[in-house]
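In: Give me coordinates for this.
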Amino acid sequence: MKTFHLAAEQSSSPSTPKRALCAALVLAAVALAGCGDKPKDAKPGQALASVNGEEITVLQLNEEMQRAGVPAAQQQVASKQLLQALIDRQLLENEAAKEKIDRDPKVMQAIERARSLIIAQAYMQKRIGEVARPTPAEVEDYFNKNPQFFANRKQFSMNQLVIPASALTPDLRKAVDSAKSLEEVAVMLDARKIQYGRAQVTRSTADLNPQLSSKLLSMPKGQLFAVQEGARAMLISIADVRDAPVTLAIAAPQISQYLSNRKNKELAQAEIQRLRSTAKIDYLNKDMAPSGNTPAGTQTPTAVAEAPGAAGMPAAAAPGTGSVAPAEAPANGNTDEAAVSRGVAGLK
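Out: Now for the predicted structure:
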């Protein structure tokens, strides 16, 4: 580095104009700045890759790892795969930006919804916090009060033929009602050239709503019934009904989780009710105002239902134990075909 001897030059040339001295000082300052410490780089390891100048960071990768729930033993391999996925995502995002897809009204609306949902969830999580786990006494009390899910649990084995819903005409329904077995129905479908698939399903009184469970328990083995679900219909025959009791020791973890989720849901709904009671809500379109049958605030909002810990007990439970949460009963309490259809939504 070149060294500037300003003092020597000044003493040897007393007549140097002030502007020359100023220029020298500026030059020295620039030179010293170039020779000094370089600006600090980004924290080591923060940026893992760069895609056309856009950095992918450790924080992004950690977020993906957390959301994927990768076990510790697999994180090293998974991190490389997830990084590649982040690179692919960035490439797609860059191309979308070039084509201004990010300014598409539908995309902007989806982004705004996601933003609103995340903020609402974060608030609810902060407001509710960690709910105390149920005590052993609470778990045992739930177990004793719901024998249909545990001590008196029944398991249904069913065979079914799956056909297009459009094929389930009144004429076919009448023919199915007169059939004596599912095999007889299959022959009937073959004769009518109706395509169908076969399936075997097993459900318990813990998986189905009480009305449907009672209906199935009242049916003899071999009883046929039809259920329509969206674009398909199922012709079902009860093959077997057997006792499948569950002990408290096996059910306790699921009961504990269910009670915790239920408490979270109750707290979330209470918070929504509190906010509604202090807010001024005007329905500018009167047709959208809640009717007398659907009071405002009685349903779990999307933000609450999707928030971590606010959802109810999952339908699929541990193998051999069944769900310990009561299935939702139809709002009207009827056991007609619509209720059956809702109740056997999981028969697939």
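In: residues near the residue lying closest to residue 247 once chain neighbours are set aside, how many?
Out: Closest residue in space to residue 247, ignoring its immediate chain neighbours: residue 150 at 7.6 Å, by Cβ to Cβ, 6 or more residues apart in numbering. The way it works is simple: take the backbone N, C-alpha and C, and place the C-beta from them, glycine included. With neighbours defined by other Cβ atoms under 10 Å, the count for residue 150 comes to 24.
In: now residue 150: how far from residue 133?
Out: Using Cβ to Cβ, to the nearest Å, residue 150 is found at 20 Å from residue 133.
In: try residue 181
Out: Per Cβ to Cβ, residue 181 is found 50 Å from residue 133.
In: try residue 140
Out: Relative to residue 133, and taking Cβ to Cβ, residue 140 is found at 14 Å.
In: Same question for residue 221.
Out: With distances defined as Cβ to Cβ, the gap from residue 221 to residue 133 amounts to 42 Å.
In: Between the two, tell me which one has more neighbours.
Out: Under the criterion of other Cβ under 10 Å, the comparison of residue 221 against residue 133 puts residue 133 first, with 13 against 10.
In: any idea where the helices of the stretch 51-200 of the chain begin and end?
Out: Listed in chain order, the helices of the stretch 51-200 of the chain (DSSP state H, counting those that start in this stretch) span 58-68, 75-98, 105-128, 136-145, 170-178, 182-191.
In: packing partners for the fourth one?
Out: Packed against helix 136-145, as judged by 3 or more Cβ pairs under 8 Å, 6 or more residues apart in numbering; DSSP states H and E, are the following elements: helix 248-278.
In: quick check, distance from the helix it packs on to the centre of its chain.
Out: Its chain's C-alpha centre and that of helix 248-278 lie 17 Å apart, by Cα atoms, centre = their mean, to the nearest Å.
In: Report the mean per-residue pLDDT for that helix.
Out: Averaged across helix 248-278, the pLDDT comes to 94.
In: for it, which positions count as buried?
Out: Residues of helix 248-278 classed as buried under the neighbour-count rule (16 or more other Cβ atoms under 10 Å) are 250-252, 254-265, 267-269, 272.
In: how big is the angle separating it from helix 136-145?
Out: 100 degrees (axes from the mean of the first three to the mean of the last three Cα atoms, to 10 degrees).
In: In terms of secondary structure, what does helix 248-278 contact?
Out: With contacts defined as 3+ Cβ pairs under 8 Å, 6+ apart, the secondary structure elements packing on helix 248-278 are helix 105-128, helix 136-145, helix 302-305.
In: To residue 61, which of those lies closest?
Out: Within these, the stretch nearest residue 61 is helix 105-128; the backing value is 19.3 Å (Cβ to Cβ).
In: Just the CA trace of that closest one, in CSV.
Out: Output of helix 105-128 as CSV, limited to C-alpha atoms (Å, rounded to 0.1, in the frame of the first residue of the first chain):
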residue,chain,number,x,y,z
PRO,A,105,-56.2,-11.3,-9.2
LYS,A,106,-56.9,-14.9,-8.2
VAL,A,107,-53.2,-15.3,-7.1
MET,A,108,-53.3,-12.1,-5.2
GLN,A,109,-56.5,-13.1,-3.5
ALA,A,110,-55.0,-16.5,-2.5
ILE,A,111,-51.9,-14.8,-1.1
GLU,A,112,-54.0,-12.4,0.9
ARG,A,113,-56.0,-15.3,2.3
ALA,A,114,-52.9,-17.1,3.3
ARG,A,115,-51.4,-14.0,5.0
SER,A,116,-54.7,-13.4,6.9
LEU,A,117,-54.9,-17.0,8.0
ILE,A,118,-51.3,-17.2,9.2
ILE,A,119,-51.7,-14.0,11.2
ALA,A,120,-55.0,-15.2,12.7
GLN,A,121,-53.5,-18.6,13.6
ALA,A,122,-50.5,-16.9,15.2
TYR,A,123,-52.8,-14.7,17.3
MET,A,124,-54.9,-17.6,18.4
GLN,A,125,-51.8,-19.7,19.3
LYS,A,126,-50.5,-16.9,21.4
ARG,A,127,-53.8,-16.2,23.0
ILE,A,128,-54.5,-19.9,23.9
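In: That helix versus helix 75-98: what angle between them?
Out: Taking the same axes, to 10 degrees, one finds helix 105-128 and helix 75-98 inclined to each other by 140 degrees.
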